[in-house]
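# Predicted model, plus sequence, below.
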Amino acid sequence: MLRIPPALYHRRFRLLWFGLLISVAGTQMQVWALFWHIRTLTDQPIALGGVGLARILPVIIFSLIGGAIADTLNRRNIMLLTQMSLALLALALGWLTLQGQINLAWIYTITALQAMASAFDLPARQALVPNLVPARDLPNAFSLNSIAFQSGAIIGPALSGLMIANFNQASVYLINAGTYLAVIVALVMMGSVQQETHLNGETAAVTRRPLVSLKAIKEGVHFIIHQPVIMSTMVIDFFATFFSSANTLMPIVAVDVLKVGAVEYGWLSAGQAIGAVTAALVLSQVSRIRRQGRLFLISVVVFGFATIFFGLANNFWLAMLALVLIGAADSVSTVIRNTIRQLQTPDYIRGRMTSINQVFFTGGPQLGEVEAGTVAQFFGAPFAIVSGGIGCIVAVGLIVRRWPQLKSFDGSEPAEQITQAS
C-alpha cells in the first residue's frame with residue numbers, strides 16, 4: 001500500500017515540490033520543442049550539437065561563482081531572481097518565433113543565457129533542499145525531486161509534440177514562461193529559510209556572510225578533491241552522460257530512422273522519463289537504501305547497455321522500451337548520487353559542492369550532445385548512439401579501478417570516515 005512520502009509532511013518542501021512539478025513540465029516542453037525546431041531549420045546533425053555547446057560554456061564559466069553565491073547569499077532569494085530571468089527568456093523565445101525572426105543564432109543565444117541563469121539556480125535549489133527537511137528525510141526528498149523532474153519530463157515532451165502538431169512552435173515557449181510562476185509563488189509562500197555558514201571555523205547563521213571570493217571557491221574544490229566517494233560519482237556522472245547523451249539526435253532518429261511524426265517524437269522524448277518516474281516511485285517507498293555504491297554502479301552499467309539497445313532499435317516500440325530502461329537506470333543513479341553528495345557535505349559548503357557537481361553533470365550531457373552530433377554527422381545517428389553506450393560501460397570500469405572505495409560504500413558511513421580514507 002502506498003504511503004505519503006515523509007518529505008511531503010514538511011510544508012516548505014511541499015510548496016517547492018509542487019512548484020517544480022509544474023515548472024519542470026514547461027521546461028521539458030521547451031527543451032524537446034527546441035530540438036524539433038532546429039531540425040525544421042536545418043537537417044545537419046551538427047546544428048543540434050550546437051545546443052550542447054551553447055549550454056556548457058556558461059556552466060563552465062559561471063557554475064563555481066554560482067555555488068559560492070549560494071553559500072553566501074540567501075538561496076531562496078537567488079532562486080526568485082533566476083526563476084524570473086528564465087521566464088523572461090522563454091517569453092523572448094516565444095515572441096521571436098511568433099514574429100518570424102527566429103534563427104539558429106537567436107536560439108543559441110537565448111539557450112546560453114538560460115544556461116547562465118541555471119548555473120546560479122541549480123546550486124541554490126539543491127542546497128536549499130537540506131534546509132527544508134531533516135537529514136533523515138533527505139533521501140526521500142531527492143526521490144520526490146526525481147519524481148517531479150521525471151513526471152514533468154513525461155508530460156512536457158508529450159504536450160510539446162501535441163502543441164507543435166495542433167498549434168505552433170511559439171505556443172510551447174509561451175506556456176513554459178507561464179509555468180515558472182509556480183516556483184516563484186511557492187518561494188514567496190514559504191517565507192524566509194535559514195541556512196548556515198562557516199565564519200572563522202565556526203558554524204553561524206546566515207545573517208552575516210563573507211563576500212564571494214576566490215578563496216571560497218578554492219575551499220569548495222579542495223573539499224571535493226578530498227572526498228573520494230563524492231568525486232568518483234561526479235566523474236562517472238560526467239563520462240556516462242558524455243558518451244550516452246543522444247537526446248539531441250532524437251529528431252533524427254524519429255524522422256530518418258523510425259519514420260514517425262511530431263506526436264510520436266513527443267512520446268519518444270518522454271520515454272526516458274516514463275522509466276525514470278517509475279523507478280523513482282519505487283525508491284520513494286524505500287525508507288533506507290543500502291549498498292548505495294554498488295547499486296549506483298549497476299544502474300550506470302544498465303544505462304550504458306540500454307543506450308546500445310536504443311541505438312540498434314529499428315522500430316518505434318523497441319526504441320520506446322530502450323528509452324524506458326535508460327530512464328529507470330538514470331533515475332536510480334540520480335537519487336543515490338544526490339543523496340551521497342548532500343549527506344556527506346556540510347551545509348555551509350553545499351552550494352559550492354553542487355556548483356562543482358553542476359560542471360560534471362551538465363558538462364557531460366552538453367559536451368556529449370556536441371560529440372554525438374559530430375559523430376552522427378560523419379557516421380550516422382545509430383553509430384553515434386551505440387558507440388556512446390559502449391564508451392559509458394568502459395568508463396565505469398576505469399573509474400572504479402581508480403576509486404575502489406565507491407564499490408563498498410553503504411550509505412551509513414559518516415563524512416569523517418570518508419575523509420580519512422582519502
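Ah, there it is.

# residues contacting Thr42?
By CB atoms under 8 Å, 6 or more residues apart in numbering, the contact list for Thr42 reads Leu104. Glycine gets a C-beta too; all of them are placed from N, C-alpha and C.

# got the phi/psi numbers for it?
Note on Thr42: its backbone torsions stand at phi -160, psi 150 [degrees, to the nearest 10].

# how far away is it from Leu64?
Per CB to CB, to the nearest Å, Thr42 is found 34 Å from Leu64.

# same question, Ile184
In terms of CB to CB, Ile184 sits 26 Å off from Leu64.

# So these two - more neighbours on which side?
Neighbours were tallied for Ile184 and for Leu64 using other CB atoms under 10 Å; the higher tally belongs to Leu64 (24 against 17).

# For the stretch 251-400 of the chain, give me the ranges with low pLDDT.
284-289, 361, 363, 366 (pLDDT under 70).

# An error on my part: the question was meant for the stretch 101-250 of the chain.
In the stretch 101-250 of the chain (pLDDT under 70), the answer is 195-213, 245-246.

# now the helices: where do they sit in it?
Assigned by DSSP state H, counting those that start in this stretch, the helices in the stretch 101-250 of the chain fall at 104-132, 138-166, 169-190, 214-225, 228-244, 250-252.

# can you list contacts of the fourth one?
Here helix 214-225 makes contact (CB under 8 Å, 6+ apart) with 64-65, 67-68, 71-72, 210, 230-231, 234, 345, 349, 352-353, 355-356.

# That helix versus helix 104-132: what angle between them?
On the basis of axes from the mean of the first three to the mean of the last three CA atoms, to 10 degrees, helix 214-225 is oriented at 80 degrees to helix 104-132.

# Extract the C-alpha trace of helix 214-225 and format it as CSV.
Listed next in CSV are the C-alpha coordinates belonging to helix 214-225 (Å, rounded to 0.1, in the frame of the first residue of the first chain):
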residue,chain,number,x,y,z
LEU,A,214,38.5,33.1,-4.9
LYS,A,215,39.4,31.6,-1.5
ALA,A,216,35.8,30.4,-1.0
ILE,A,217,35.7,28.8,-4.5
LYS,A,218,39.0,27.1,-3.8
GLU,A,219,37.6,25.8,-0.5
GLY,A,220,34.8,24.0,-2.4
VAL,A,221,37.2,22.5,-4.9
HIS,A,222,39.5,21.3,-2.1
PHE,A,223,36.6,19.7,-0.3
ILE,A,224,35.5,17.7,-3.4
ILE,A,225,39.1,16.5,-4.2
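
# That one versus helix 228-244: what angle between them?
Using the same axes, to 10 degrees: helix 214-225 against helix 228-244 is 90 degrees.

# The second one now?
Angle of helix 138-166 versus helix 228-244, following the same axes, to 10 degrees, is 20 degrees.

# Against which helices or strands is helix 138-166 packed?
On a contact count with 3 or more CB pairs under 8 Å, 6 or more residues apart in numbering; DSSP states H and E, helix 138-166 meets helix 11-41, helix 104-132, helix 169-190, helix 262-284, helix 316-343.

# okay, those in a markdown table with distance to Asn145 next?
Formatted as a markdown table, the helices and strands packed on helix 138-166 follow (distance: least, CB to CB, whole Å):
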| stretch | distance to Asn145 |
| --- | --- |
| helix 11-41 | 7 |
| helix 104-132 | 7 |
| helix 169-190 | 13 |
| helix 262-284 | 9 |
| helix 316-343 | 8 |
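
# and of these, who's closest to Phe378?
Set against Phe378 and scored by CB to CB, those come closest in helix 11-41, at 18.3 Å.

# What residues of whichever helix or strand comes after that closest one count as buried?
On the C-terminal side of helix 11-41, the closest following helix or strand by DSSP states H and E is helix 45-70. Buried residues in helix 45-70, counting neighbours by 16 or more other CB atoms under 10 Å, are found at 45-56, 58-60, 62-70.

# name the helices or strands packed onto helix 45-70?
Using 3+ CB pairs under 8 Å, 6+ apart, helix 45-70 sits against helix 11-41, helix 104-132, helix 214-225, helix 250-252, helix 350-379.

# can I get those helices in JSON lines with distance to Ala90 and mean neighbour count?
JSON lines is the format used below for the helices and strands packed on helix 45-70 (distance: least, CB to CB, whole Å; neighbours: other CB atoms under 10 Å):
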{"stretch": "helix 11-41", "distance to Ala90": "6", "mean neighbour count": "22"}
{"stretch": "helix 104-132", "distance to Ala90": "8", "mean neighbour count": "21"}
{"stretch": "helix 214-225", "distance to Ala90": "30", "mean neighbour count": "16"}
{"stretch": "helix 250-252", "distance to Ala90": "20", "mean neighbour count": "24"}
{"stretch": "helix 350-379", "distance to Ala90": "19", "mean neighbour count": "23"}
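
# Which one, of these, ends up nearest to Val396?
Minimum separation from Val396 across the helices and strands packed on helix 45-70 (CB to CB) falls at helix 350-379, 13.0 Å.

# thinking in terms of the whole chain, how far from its middle is the closest one?
Remark: helix 350-379 is offset 11 Å from the chain centroid, using CA atoms, centre = their mean, to the nearest Å.

# now stretch 219-226
With CA atoms, centre = their mean, you get 22 Å for stretch 219-226.

# same deal with stretch 89-109?
Offset of stretch 89-109 from its chain centre (CA atoms, centre = their mean): 24 Å.

# tell me the contacts of Leu318?
For Leu318, the contact set (CB under 8 Å, 6+ apart) comprises Phe309.

# From Val253, how far out is it?
Separation of Leu318 from Val253 (CB to CB): 12 Å.
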